[in-house]
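> any chance you could fold what I've pasted below:
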Amino acid sequence: MIESCYWRAELRNDLVWLRKKRRYQRWSEKQQVLFERKLMIVAFQVRSLLDRPKVNDQARGACLPVLRYKKIGDRPFTATGAGWPEDRFDMEQPEPHTLTALDVCNQLIHYYWMQTITEGKAFVSMLVFSDYQRHKWAYQIRIEDLLKLFGVFSEESSAITSAAFKWNDKKQDYVLVNADG
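All right, here's what the predicted structure looks like:
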């Protein structure tokens, strides 16, 4: 990734699409799949910006409020086995929690289960858990909050304008030690 402005421009276009498609005239499975797919693509774009020294510390520190549901019982949740998330997670006692932008991206990119939740004719939230978290937590994310979080990374103000690097013997590479701050 040489210049991140091109990634940000595409990210802005994808966010416009998601905001437009968040509401629908008639629900269809295809529409739901396309919406979920676009969310994953946006998550990958944001994670790519985060994985490289392309966002400043303020954007890197962005977080998302979520509700999380604790895994209950010893039986694992399996997509092909018996049961639904309601059978394996304590859906009656959600806990407020905060996920970092990187954690949100990883939940979407590595999702084991993703389910959009609608109210009326709009996608309002989603239930998601990654293959790494499926034995611990399920997360409910409000779509509006998710798009706001991703919007932070689409703005040119999130780009770093200066950076300092330091050699890391363990990684055998230079690592970012200071970005705009």
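> starting at the chain centroid, how far to the worst-scoring helix or strand of the chain on mean pLDDT?
Averaged element by element with mean pLDDT, DSSP states H and E, the chain has its least confident helix or strand at strand 173-179 (a mean of 78). Taking Cα atoms, centre = their mean, to the nearest Å, the mean C-alpha location of strand 173-179 is offset from the chain mean by 24 Å.
> start the count at 843 instead of 1 going forward.
Noted, 843 is the first residue going forward, which turns the last one into strand 1015-1021.
> partner strands of it and their direction?
Looking at strand 1015-1021 with DSSP bridges, its partner strands are strand 1005-1010 (antiparallel).
> could you pull out the strands for this protein?
When assigned using DSSP state E, the strands of the chain occupy the ranges 905-912, 937-942, 953-961, 964-972, 979-984, 1005-1010, 1015-1021.
> out of the ones you listed, nearest to residue 922?
In terms of Cβ to Cβ, the element of these nearest to residue 922 is strand 953-961, at 11.4 Å. C-beta: built from backbone N, CA, C; applies to glycine.
> now the helix ranked longest in the chain and strand 964-972, what's the angle there?
When every helix of the chain is counted residue by residue (DSSP state H), the longest turns out to be helix 871-893. An angle of 60 degrees separates the directions of helix 871-893 and strand 964-972 when computed by axes from the mean of the first three to the mean of the last three Cα atoms, to 10 degrees.
> for helix 871-893, which positions count as buried?
By neighbour count, and taking 16 or more other Cβ atoms under 10 Å as the criterion, the buried residues in helix 871-893 are 874, 877-878, 881, 883-885, 887-892.
> with pLDDT added, can I get those in TSV?
Conversion of these to TSV gives the following (pLDDT from 0 to 100):
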residue	pLDDT
874	89
877	93
878	92
881	95
883	96
884	97
885	97
887	95
888	96
889	95
890	93
891	93
892	92
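> which of those lies closest to residue 845?
For the buried residues of helix 871-893, the residue nearest residue 845 by Cβ to Cβ is residue 891; the value is 11.6 Å.
> ok, the closest one to residue 872 distance?
Residue 891 sits 29 Å away from residue 872, taking Cβ to Cβ, to the nearest Å as the criterion.
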